[in-house]
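**Student:** no sequence on this one, just coordinates:
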């Protein structure tokens, strides 16, 4: 792939990824507001207690084969076919096991109502297994637009269904049904857009060449899910359903924020890095450009979300959810650094270093879990602050391994990341002092957003930020 062609496809992928993720998060926001007004924190807490089990089962069924297919030098029908039948079979076995284990899950949380809910909710990962190979096909071929259409269509239909069910009193059953509908439509559209179709000539031998790589990603993904949902586990065990619900609400808004950036990066990073994995100079250049872009977007977006959290939560879903706003303020600061960690891990995966990715994630997750167990008596805020601090400091570990792979010095990372973090922090502080005397909540949130945006963009222009100018040039080109 020529360098200019790769650059164009990367820019196109980021563009469509931005449209896709901004639209998805806008829809999540709209549907989330309606649902939060119709449901209570206990409803969200019920579903939140089961999330970790579905995610781990989902990782087991996928087994890291999407990344393995994307990073394979040459690909055949047999590769996709082996992955399709293996993932489908594994997911069926897992569903049966979790169906039988539902009473044990309910006993762990001390809530018998979780038994039928678990058996119903866990259907989602079996349905999703039928689209794994097709998702890998779209991902490998940088078909970002088609993936975007799939996700957005599924969100509209499932979100509408969730609101109708919640309005008619289905409570947490409505949330579970919404998730099932989303996965069913997404995977149906993956089939529609993908040219590949499975055949009944089942041969698992192609998996031998992928299993060493994919198995490490499988273990890593499981620990990633544990890391990301550790609070739901700890809170579900030691706190009430209401507190679990408040945390899940805050975490959902935090996810809406950081997944906008992470989604854009994920759509292009691994395929792009994989195409130039044998050229460290080109890979370092591509990595640095994506890193600057990520920092340019992530810090103002997530620091801004933290800044407006109390007003946003109160206006959007009423003050009954105000405790979640203070949780969101802490989560959003940590969320600003998450897309950077994801970019680091994507580079390591593209270099075939799934073992480094695996052990890094296991060590980080084990440390976090131990800390949370020791700190659960000190309250949610203390646990969150320590959790966020550990995640940020662990970026130095990620960087150490990336530096070994592509010769990217730490001093360059500071130059690529922290100017954007510093300017974003200055923007929020300046905006706070400018708006501190505004008492009307609607006027306050409007002023915060407009003033912060103006200060950040003006500062980018004044400092002649290269990545800012490149973004403007691309947008001008798209509108010509």
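**Tutor:** Yes, it's here. Computed from a predicted structure; not experimentally measured.
**Student:** Residue 444: neighbour count?
**Tutor:** For residue 444, the neighbour count with other C-beta atoms under 10 Å is 18. For every residue, glycine as well, the C-beta is placed using N, CA and C.
**Student:** what about the closest residue in space to it that isn't next to it in sequence, which SS state?
**Tutor:** The spatially closest residue to residue 444, leaving aside those adjacent along the chain, is residue 438, at 4.4 Å (C-beta to C-beta, 6 or more residues apart in numbering). Residue 438 falls in the coil class when you classify it by DSSP: H, G, I helix; E, B strand; the rest coil.
**Student:** gap between residue 438 and residue 319?
**Tutor:** 18 Å (C-beta to C-beta, to the nearest Å).
**Student:** Comparing those two, which residue is more hemmed in?
**Tutor:** residue 438 (14 against 11).
**Student:** buried sites along the one helix or strand residue 296 maps to?
**Tutor:** According to DSSP states H and E, residue 296 maps onto helix 280-317. Residues 282-284, 286-314, 316-317 are the ones in helix 280-317 that count as buried (16 or more other C-beta atoms under 10 Å).
**Student:** do the same with stretch 107-126
**Tutor:** In stretch 107-126, counting by 16+ other C-beta under 10 Å, buried: 109, 111, 114-115, 117-126.
**Student:** So which of those is the closest to residue 176?
**Tutor:** residue 121 (4.6 Å; C-beta to C-beta).
**Student:** Go ahead and confirm the closest one touches residue 47.
**Tutor:** Yes. Shown here, residue 121 and residue 47 form a contact pair, counting by C-beta atoms under 8 Å, at 7.2 Å.
**Student:** Surely residue 337 is in contact with residue 394?
**Tutor:** No. In terms of C-beta under 8 Å, residue 337 does not count as a neighbour of residue 394; the distance is 9.3 Å.
**Student:** higher neighbour count, those two?
**Tutor:** More crowded of residue 337 and residue 394, by other C-beta under 10 Å: residue 337, with 23 against 19.
**Student:** show me what contacts that one?
**Tutor:** 298, 391, 392, 395 (C-beta atoms under 8 Å, 6 or more residues apart in numbering).
**Student:** hmm, try it at 10 Å
**Tutor:** Residues near residue 337 by C-beta atoms under 10 Å, 6 or more residues apart in numbering: 258, 294-295, 298-299, 302, 388, 391-395, 417, 421.
**Student:** got it, and residue 194?
**Tutor:** Contacts of residue 194 by C-beta under 10 Å, 6+ apart are 80, 131, 133, 134, 135, 136, 137, 138, 141, 143, 146.
**Student:** List the ones among the residues you listed that fall in helices.
**Tutor:** 80, 133, 134, 135, 136, 137, 138, 146 (DSSP state H).
**Student:** For residue 399, state which of these is nearest.
**Tutor:** Of the ones in helices among the contacts of residue 194, the one sitting nearest to residue 399 (C-beta to C-beta) turns out to be residue 136, at 28.7 Å.
**Student:** I'd assumed residue 83 was in contact with that closest one.
**Tutor:** Yes. The criterion here is C-beta atoms under 10 Å, and residue 136 meets it with residue 83 at 7.0 Å.
**Student:** follow-up on the earlier one: save the buried residues of stretch 107-126 as CSV, and put in distance to residue 359 too.
**Tutor:** CSV is the format used below for the buried residues of stretch 107-126 (distance: C-beta to C-beta, whole Å):
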residue, distance to residue 359
109, 31
111, 35
114, 33
115, 36
117, 35
118, 31
119, 35
120, 36
121, 31
122, 29
123, 33
124, 30
125, 26
126, 30
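**Student:** now the closest residue to residue 392 other than its chain neighbours: how far from residue 150?
**Tutor:** Once flanking residues are discounted, residue 392 sits nearest to residue 337: 5.2 Å by C-beta to C-beta, 6+ apart. Residue 337 sits 29 Å away from residue 150, going by C-beta to C-beta.
**Student:** quick one: low-confidence ranges for the stretch 151-300 of the chain?
**Tutor:** Scanning the stretch 151-300 of the chain for pLDDT under 70 picks out 212-218, 221-222, 224-241, 266-271, 274-275, 277.
**Student:** Just the helices from it, written as ranges.
**Tutor:** 171-193, 208-228, 230-238, 241-275, 280-317 (DSSP state H, counting those that start in this stretch).
**Student:** got these as TSV, with distance to residue 347 columns?
**Tutor:** What follows is the helices of the stretch 151-300 of the chain, written out as TSV (distance: least, C-beta to C-beta, whole Å):
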stretch	distance to residue 347
helix 171-193	26
helix 208-228	14
helix 230-238	25
helix 241-275	6
helix 280-317	6
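**Student:** Quick one: closest of these to residue 458.
**Tutor:** Taking these one by one with C-beta to C-beta, helix 280-317 is closest: 12.3 Å.
**Student:** So for residue 387, what pLDDT did the model give?
**Tutor:** Looking at residue 387, its pLDDT stands at 85.
**Student:** Kindly report the same for residue 145.
**Tutor:** 79.
**Student:** And for it, the neighbour number?
**Tutor:** Using other C-beta under 10 Å: residue 145 sits among 17 other residues.
**Student:** separation between the residue sitting nearest the centre point of the chain and residue 459?
**Tutor:** Nearest to the mean C-alpha position of the chain, by C-alpha atoms, centre = their mean, lies residue 259 at 4.4 Å. Between residue 259 and residue 459 the distance, using C-beta to C-beta, works out to 26 Å.
**Student:** following the helix or strand harbouring residue 117, which helix or strand comes up?
**Tutor:** Per DSSP H and E, residue 117 falls inside helix 114-121. Next helix or strand after helix 114-121 toward the C-terminus (DSSP H and E): helix 123-129.
**Student:** Distance from that next one to the middle of the chain?
**Tutor:** Chain-centre distance of helix 123-129: 19 Å, with C-alpha atoms, centre = their mean, to the nearest Å.
**Student:** same check, this time on stretch 180-196
**Tutor:** So, by C-alpha atoms, centre = their mean, the centroid of stretch 180-196 is 19 Å from its chain's centroid.
**Student:** Can you list the buried residues in that stretch?
**Tutor:** 180-191, 194, 196.
**Student:** Next: stretch 243-256.
**Tutor:** Those would be 243-256, for stretch 243-256 by 16+ other C-beta under 10 Å.
**Student:** Okay, buried residues for stretch 129-143 please.
**Tutor:** So for stretch 129-143, counting by 16+ other C-beta under 10 Å, buried means 129-140, 142-143.
**Student:** Now do the contacts for the closest residue to residue 362 other than its chain neighbours.
**Tutor:** Using C-beta to C-beta, 6+ apart and skipping the chain neighbours, the partner closest in space to residue 362 is residue 223 (5.2 Å). When contacts are counted by C-beta under 10 Å, 6+ apart, residue 223 is found next to 56, 59, 358-366, 368-369.
**Student:** Could you find the lowest-pLDDT member of the residues you listed?
**Tutor:** Among these, residue 59 has the weakest pLDDT, 57.
**Student:** Pull the contacting residues for residue 182.
**Tutor:** So residue 182 contacts 124, 127-128, 151, 153-159, 161-162 (C-beta under 10 Å, 6+ apart).
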